[in-house]
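Engineer: Let's see this in three dimensions:
(4 chains, ligands or ions: 4)
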Amino acid sequence: MSTTSTATAAPPVPAATDRPTGPHDAGPHEVGLHDADPAATAPGPRRVRRASHPLRRVSTWVAVAFIAAVLLAAVWPSLLAPADPLAIDLAKSFAAPSAEHVFGTDQSGRDVYSRVVHGAGQSVTIGVGATALGLAGATLLGLLGGLGGRAVDAVVTRVIEVLYAFPGILLALVLVAIAGNSAGTQILAVGVATIPGYARMVRGQVLAVRDSPYVQAERALGHGPVHVLVHTLLPNAFRPLTVLVTLGIGQAIVWASALGFLGMGVQPPAPEWGAMLNAGRNYLQQAWWLDFFPGVVIVLLALSLTAVGRSIQTLTTPGGAR
Amino acid sequence: SGAASAEVVDRGPVRGGTLVYATDREPTCLDPHNSGDMPQTYVARQYLDSLVSLQADGSVVPWLATSWTISDDGTQYDFTLKEGVEFHDGTPLDAQAVVDNFTQILDPATQSSTDLLYLTGYFESATALSEHVVRIDLSRPYSPLLAALSQAFFGIESPKAMARGLEENCESPVGTGPFEVVAWNHGRDVQLVRNDDYDSAPADAKHQGPAYLDGITWRFLKDNTTRYGALGSGEADVIFNVPPESQQLAEADPAISLQEFVHSGSPFSLDLNTTSPVFDDIRVRKAFVHASNARAAVESAYAGVFPYEGDAVSSGTPHYDETFHEPFPYDPDEANRLLDDAGWTGRDEDGHRTKDGESLTVRLPYNADGAETPPADLTILQNIQAMEKEVGIEVDLEALDSASMNAVWGDPDAYDLIGNYWNSPTPHVMYIKYSKATLDVGNGQNSAFASDDELDRVLIAGTATTDPTEQAALYSEAQRILTSKAWSLPLYPIQTRLGISNRVKDVWIEPSEGEPVLSDAYFVDGGDR
Amino acid sequence: MNSWVLRIARRVAESIVLLLAVGTIVFFLEHAVPGDPAVAILGGAAAHPTPEAVAAVTAQYGFDRPLLAQYGSFLLGLVRLDFGESYTLKQSVVSVIGGQLGSTLALTATALGLAWLLSITSTLLTAGRRGLLGRIGSVVETVAAGLPQFWLGLVLLLVFAVRLGWFPVIGTGLPGLVLPALTLAIPLAGFLGQVTRDEFEDAQDQPFALSARARGLSEAAVRARHLLRHAALPGITLSGWGLGSLISGAVVVEVVFARQGVGQVLVTAVNAQDLPLVIGITFVVALVYVVANVLTDVAYVAVDPRLRTTIGAPA
Amino acid sequence: MSPEPVLDPKAVRLDTAGPLVDVRGLSVAFGGSTVVRDVSFTVEAGRCTAIVGESGSGKSVTAKALLGLNGHTAATTASTLRLAGRDLTDLGDRDWQRLRGREIGYVLQDALVSLDPLRRVGAEIAEPLRVHRYGDRRAREARVIELLERVGVPEPRLRARQLPSQLSGGLRQRALIAAAVALEPAVLIADEPTTALDTTVQAQILALLDELRTGGAGLVLISHDLGVVERLADEVVVMQHGVVVEQGPTDQVLGAPSHPYTQRLLAAIPTAHARGSRLSSAAPATLAARPVDRPVPAPGTPVLEVRHVTKRYRGSDRITRTVVDDVSFTLHAGETLGIVGESGSGKSTTAAIALALTAPDEGEVLFEGRPWSALHERERRPDRPRIATVSQDPLSSFDPRRSVGQLVTGALRAAASARGGRGAAETDARARVDDLLVGVGLDPHLAGRHPSTLSGGQRQRVAIARALATDPDVLVLDEAVSALDVSVQAQVLDLLADIRARYGTSTLFISHDLGVIRHVSDRVLVLKDGRVVEEGRVEQVLERPVAEYTRRLLAAVPGGGLSATTTRPTTTTTDPTGGPR
Ligand SMILES: Nc1ncnc2c1ncn2[C@@H]1O[C@H](COP(=O)(O)OP(=O)(O)OP(=O)(O)O)[C@@H](O)[C@H]1O
Ligand SMILES: Nc1ncnc2c1ncn2[C@@H]1O[C@H](COP(=O)(O)OP(=O)(O)OP(=O)(O)O)[C@@H](O)[C@H]1O
Ligand SMILES: [Mg+2]
Ligand SMILES: [Mg+2]
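Structural biologist: Ligands and ions are numbered 1, 2, ... in the order given. Sure, this is the predicted structure:
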């Protein structure tokens, strides 16, 4: 899966909040072409965003609360929604949201609220799983490329590029044909598709940190390579990834739902958000609530993760928050 | 809604205009002799003529054959062909051409599936007696022959065109019909233009001579919303399969008229694989059927647009016998009793029944493609899944891509249940779907993998007579036997449901396969947009 | 001069390796798919070909040969740029793709253009603004980036084509391109917007921006003339994969809007195990990726003049 | 340099009555904290008013207030704020825009990054012309060339087409000035116009500013470099913590400063006279004497020998440049060797080679007579802690995740493990960190802070503390004080002197500031384009230079007069620790 923002094409990087691909890390093709005179981009005075402290912002806490609720739903859904998400009631199909069914009912009379709550587990698993898979693969590639020397890096760069050039949708389709339709396949398809994006970032970060004055300084002090790797290089290289991870989870859920549209992945009646979204689209004109609620939950989760991700970034940036 | 205005004055047939016909499924081959799936017959009707034309009452009228005689023992049919008819490629229609059509159908290389099942066990040979008389010899009397031949599946094609080879013929089959195939833009449409020399319309056509329309764009619009939206916006003039979700909107729309045809034959059913370790026990099969409130499932999913059909044979089929309606009605208690009886007495942690440590799980693969399994069908499957769970049967819905689904067909180990239907104008469909002969053809159409000697015998006897009372008695007996077996869970009869813009008049649906007929259709405004 | 020739030669060589690698992956992936290509050639299992026919086709195409031998001839074919004939459509792969590519490229190129237009508008209007406007812009971008295309497409279709009738439902031509392109563009715009916004806000605090203000430039002029260019740079880098990825996204949009295109064909081809067609399309997508990257380079140089001059050490 | 006396007089829009700039009671506050309080000064046509003061004293904020550029968060109040007779106290956005670039030009502090890197230099200079509708496109182009010539940029046509990155720092500064004076504004504000520049380039810029002033413009010069101020200013305003502590004619303020702060400021400037004496009033370093577990090399024995090293780099333009060219020198035990040279002359690269962080292409480095650069890193590691360094930009040499304490502890650990021992016990380490911080004059409480939240001077001290943590025999200091303002610089220089006195540490001291070099070095090495052009005892090289280049370097030093003529006010401030010096 090569890349983008939604649907079947997973972006290389969910959202480049930490400038993964600025002019100075322009990716495999551009190396050499885009590194302009360093003097031109010499660091000016360091910018310190005078943002208010993230822990003092209401929005941060709202986001944290929402994520916590989703996690609770994932772990213990029956606490929030005692009703069976699969129980049908044909007499009550397409009931609009009401006191009895706050999110309405679907074409088989199932309670949409229960389905949304019970769907959290699978959806979160897909989001987290795919992101974890993407990151794991990317870390391997990125570290190899960043630390493995010229020849290894050349190979890694090629591999990343091939992954990029490979149509993501094809990968997904073929994976489903090979491994069958399941959440696991979705995780695999979306996860693999995100590898090149993350990998490029990790590699860039590792390279940048590797050549940074502070790593030099550590070496000059007489620290051994392993010490420098573990204590300085890796933590710094991965710091900007935290925010991407939080963003990636929401995106992964959305992409997985797009696979559902093409008949892949978690299938109804399983209450997975993407699958619900996909099933509900046939009834958009009759029963907007079928798509509205799972959609809103996905978007809210993505927004919350973004907010929390950025807060984490601010908090982990030394001197970033005061 | 829509751009087409509701009030258009109809001053009778006018020539002109290209009609956009939008349908959901795209055929794999435009030659209906090859394979033989429904989308093929619908489009083939526009460019192929058949020997005879079926009427709603089951009788046939002349078409390419102006007359025919049947030998007394019912094994010899002599057709006299209309003279002066030419195929679109200029080849004259003669007896040899018809013989060549049968040769092609019977050639294994053609991979004729539907046609073959109609002929298997009966057809012996076709011979040209003279330039315009063709004889068909049968090994056994076969009363449904004329009805079968009336389907576009048996449309007569140019021998010259067929000789080009299967692949080319699939792209652009050549017939004698009112329209000619110009181009097939895969994934998009088939372009048809009027055959200006057409003068071989069936006797029951609304007019003779060339069609009024200049041509047809046979468009493939898989997505329900898009297809219906295109009709509303005037971008399509006729759509096939008005989405059930949109039925109410369509009924309320003055710019749209609806036409429906309920197919006869075998309704859309879930066939139970009798070779599966679960369903080889009739008690379990019966229990499965008893446990499903199929009527509620269908009526709720199809919003009442599709009727529920509780029989192995659709009620519109000739010699349909009401007595055997719903042999195993919704009765969860009975289902539970039967399952207990069959030894499925244990329960696993999910509440599903077990026997000898095995859970009572049945696999139900379906095509994940929305055009193959429309949303409402998916809802039915889910509804049934939930109902079966009530009696402790777990239904595993397996969404498969088309390739995997193809691989499942005909593989007795690949499923326990599968959705299937067989549209047919004759009660002989029972033989086609459930006979030893079909099982031997081995192409998966007998999806229950079931046959019964007694049933076979009764059905063969049914084809041997032309006496309506005798036929009625035999087919009634056949239905008695068939329905007692619980080989399938019938759901609803397939329908041809057309949404037609008010600008278009005289579209009709013929009864052999519910094929839309567009040779009489015309735009009231002559096609000006 | 010489360095340019070398550079181009290198790029071409890299692209060839890339294409071969992609082709190889597809080849082995497709062979891992259960199912018999001979059956696919015979019209799929639905056609219920006889065992004899399957055997004949198997022998004819050499499917019974060892996988590596098949791979060998596959590579030979690729090197000769011979994609063969589609198993299912029985046409040459080149002509099948040739017939579909234009439509998909028009869609994706328009979408990319629209995405840029939208993200630049959003950046110019809201990036770096304090208060509600800036926050709304950022939320809208995040939401847009997270919209599933199949859903967005359907909503656009229902609202603007079916309800309002502003655009055709299935139309071709320019009006018919608008909604599909928007469907692809909006999420991408959200994504690009997020990136450009960050960059824009960085550039805003740079001394050169203050210098520009000190010369009497209005805030709007500073945004449009100075900051935007900086903000656009990372977005341009992302456009390379963006275009490639839009092709994947096109699959969905082509289905929703019933458009022709390689996306649709790809899905059918994979489902039908039509190896030659799958390979062909993969190649095209990879090629688009390569070309997109070259274009990205060009665009980059256009926006960042630093890259235009090779010689010019600080005086 | 162009000899033309004045810019085109037609554009002069002077209100000849009264001063060009008249500021009274100016206060600026950001979110409740007032950073500039009750500042008043005037600037007359053809005269220069300088604002001096340490970093953060509010100089730039005061300047920006004259252009309304302090941003939305600033609350600016003044009883009088007039520019060429026009009242600025409540201008709208539009009015400000009309004023900026036309009536008042502003040359930003950060010259290297104040030109848009993505636009051509010509376009940047033409910008004020375009904004204020000066002529047509052609006229503007002509004017740009004229301006570039005016500010002494050679090959103006070529330069106008180039990008900022293709210009050296000095040229960029001139281009900025050209843009600022494009419409011949009545007032020009130059904020630290020479800080980032080499002495030779600095001299040219000062001459240019002088010329503009003579041309009739009112000049506001901001600098913390008193030498520069002495050379240009007619009036001096001394700021500290946002308030004016002293102001008046330059001679008076610099010659006979009345305020202790001004006095301290002047004393902090390293000069020939000050050599060997303390520059700051801060307490001497109180590093606890530590038993050093190895023999201290006898003074005078060679410690670090750099032999014929050469280093080449291939730039992004694929041209190979020899950055260090056959450089040789020896650092002896207990000695301080200064390395001077203009920016890009290879000073830092030489240091990196000496530290064996960069491998030389040719030549070698010996440490205590044994191979050093030729060793494998693994073999070097045990001796690494013995050669410590403070790099040019200390902040970038700190792992951004670490606090001050962690940084110093890390160095302690490295030293401990290099010597084969385990790290000292945690409490022990903590005590040692406190000790080091106090030693470099930092509050031990800062151990929990992140360097990014510290001031430049504090950072520099942290870097020094880290370097000292390993008890090094050799210190390599790369521009260790150039980022600091004089008062902080003075403290750091004193600290280094103390360390050297106490431990006999050999030091390689890199700077482009000749005053500093003269203050600290025993011997000095002059680098130009990667080659050694002169080497010798510091007095000899700086007073009787042989090489032409050294002579030019010396001639360009501003404020030569200051150090020569001024009677140094001897520091009378009492040592807070009470101990005599
Ligand atoms: N926009 C702002 N918001 C808040 N505080 C500010 C802002 N701009 C400047 N300050 C504060 O005002 C004080 C004075 O800053 P200013 O830039 O005028 O110092 P300076 O004298 O120019 O120092 P330097 O020599 O380092 O340039 C500093 O403490 C600074 O942090
Ligand atoms: N890693 C490198 N790759 C390419 N060029 C380099 C590299 N390091 C230094 N240079 C170049 O070598 C020259 C000398 O650099 P160096 O940093 O040694 O100068 P310097 O005398 O320390 O200057 P400054 O006073 O500005 O610190 C410069 O032109 C610089 O661009
Ligand atoms: Mg300042
Ligand atoms: Mg340096």
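Engineer: tell me the helices in the stretch 301-450 of chain D, going along the chain?
Structural biologist: For the stretch 301-450 of chain D, helices defined by DSSP state H, counting those that start in this stretch occupy the ranges D:347-354, D:377-380, D:404-418, D:426-439.
Engineer: Show me the contact partners of the first one.
Structural biologist: Around helix D:347-354, the neighbours that count as contacts under CB atoms under 8 Å, 6 or more residues apart in numbering or on different chains are D:304, D:306, D:309, D:311, D:323-324, D:327, D:339-341, D:358-360, D:365, D:373, D:389, D:392, D:476, D:478-479, D:508, D:510, D:512, D:527, D:530. Where C-beta positions appear, they are placed from N, C-alpha and C, glycine not excepted.
Engineer: before we move on, back to that, mind putting the helices of the stretch 301-450 of chain D in TSV, mean pLDDT and distance to B:G17 included?
Structural biologist: Conversion of those to TSV gives the following (pLDDT from 0 to 100; distance: least, CB to CB, whole Å):
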stretch	mean pLDDT	distance to B:G17
helix D:347-354	92	82
helix D:377-380	86	84
helix D:404-418	86	82
helix D:426-439	81	91
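Engineer: Dump those into a markdown table; add mean neighbour count as well.
Structural biologist: Formatted as a markdown table, the helices of the stretch 301-450 of chain D follow (neighbours: other CB atoms under 10 Å in any protein chain shown):
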| stretch | mean neighbour count |
| --- | --- |
| helix D:347-354 | 24 |
| helix D:377-380 | 14 |
| helix D:404-418 | 22 |
| helix D:426-439 | 17 |
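Engineer: Can you check which of these gets nearest to ligand 2?
Structural biologist: With CB to the nearest ligand atom as the criterion, ligand 2 lies closest to helix D:347-354 of these, at 3.1 Å.
Engineer: how distant is that closest one from the center of its chain?
Structural biologist: 20 Å (CA atoms, centre = their mean, to the nearest Å).
Engineer: As a markdown table, the helices of the stretch 301-450 of chain D with distance to ligand 4 would be great.
Structural biologist: Output for the helices of the stretch 301-450 of chain D, formatted as a markdown table (distance: least, CB to the ion, whole Å):
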| stretch | distance to ligand 4 |
| --- | --- |
| helix D:347-354 | 3 |
| helix D:377-380 | 23 |
| helix D:404-418 | 22 |
| helix D:426-439 | 26 |
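Engineer: Export those helices as JSON lines, with columns for distance to D:L208.
Structural biologist: As requested, these are exported to JSON lines (distance: least, CB to CB, whole Å):
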{"stretch": "helix D:347-354", "distance to D:L208": "27"}
{"stretch": "helix D:377-380", "distance to D:L208": "48"}
{"stretch": "helix D:404-418", "distance to D:L208": "42"}
{"stretch": "helix D:426-439", "distance to D:L208": "44"}
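Engineer: Which one of the ones you listed lies nearest to C:I8?
Structural biologist: The closest of these to C:I8 is helix D:347-354. By CB to CB, the value is 34.4 Å.
Engineer: mind checking the SS state of the residue in the stretch 51-200 of chain B that ligand 4 sits nearest to?
Structural biologist: Nearest residue of the stretch 51-200 of chain B to ligand 4: B:G187, at 63.9 Å (CB to the ion). Assigned state for B:G187: coil (three-state reduction, DSSP: H, G, I helix; E, B strand; the rest coil).
Engineer: ditto for the one 3 residues further on
Structural biologist: Per three-state DSSP, the secondary structure class of B:V190 is strand.
Engineer: if we can go back for a sec, only the buried subset of the contacts of helix D:347-354, as a ChimeraX command please.
Structural biologist: Entered in ChimeraX, the line below selects the buried ones among these, by 16 or more other CB atoms under 10 Å in any protein chain shown:
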select /D:304,306,309,311,323,324,327,339,340,341,358,360,365,373,389,392,476,478,479,508,510,512,527,530
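Engineer: Could you give the separation of the lengthiest helix in chain D from the chain centroid?
Structural biologist: Counting by DSSP state H, the longest helix found in chain D is helix D:486-503. The chain centre lies 17 Å from the centre of helix D:486-503; the measure is CA atoms, centre = their mean.
Engineer: again, but for stretch C:51-65
Structural biologist: The answer for stretch C:51-65 is 37 Å, by CA atoms, centre = their mean.
Engineer: For B:W218, which residues are in contact?
Structural biologist: Neighbours of B:W218 in contact, by CB under 8 Å, 6+ apart: B:Y21, B:T23, B:V43, B:Q46, B:D189, B:V190, B:Q191, B:L192.
Engineer: Pretty sure B:V190 is one of the things the third one touches, is it not?
Structural biologist: Yes - the pair B:V43 and B:V190 passes the contact test of CB atoms under 8 Å, sitting 6.1 Å apart.
Engineer: Spit out the residues that contact the two alike.
Structural biologist: B:L30, B:W218.
Engineer: Now the phi/psi pair for residue 274, please.
Structural biologist: Reading this off chain A. Main-chain dihedrals, A:G274, degrees, to the nearest 10: phi -60, psi -40.
Engineer: Let me rephrase: I mean chain C.
Structural biologist: According to degrees, to the nearest 10, C:D274 has phi -90, psi 80.
Engineer: hmm, which two among the contacts of B:W218 are most spread apart?
Structural biologist: The most distant members of those, if one measures by CB to CB, are B:T23 and B:Q191, lying 14.3 Å apart.
Engineer: And the two? Which one has more around it.
Structural biologist: Remark: of B:T23 and B:Q191, B:T23 carries more neighbours, 25 against 18, as counted by other CB atoms under 10 Å in any protein chain shown.
Engineer: residues in contact with the more buried one?
Structural biologist: Residues counted as contacts of B:T23 (CB under 8 Å, 6+ apart) are B:P39, B:Y42, B:W218, B:R219, B:F220, B:L221, B:R227, B:I239, B:F240, B:N241.
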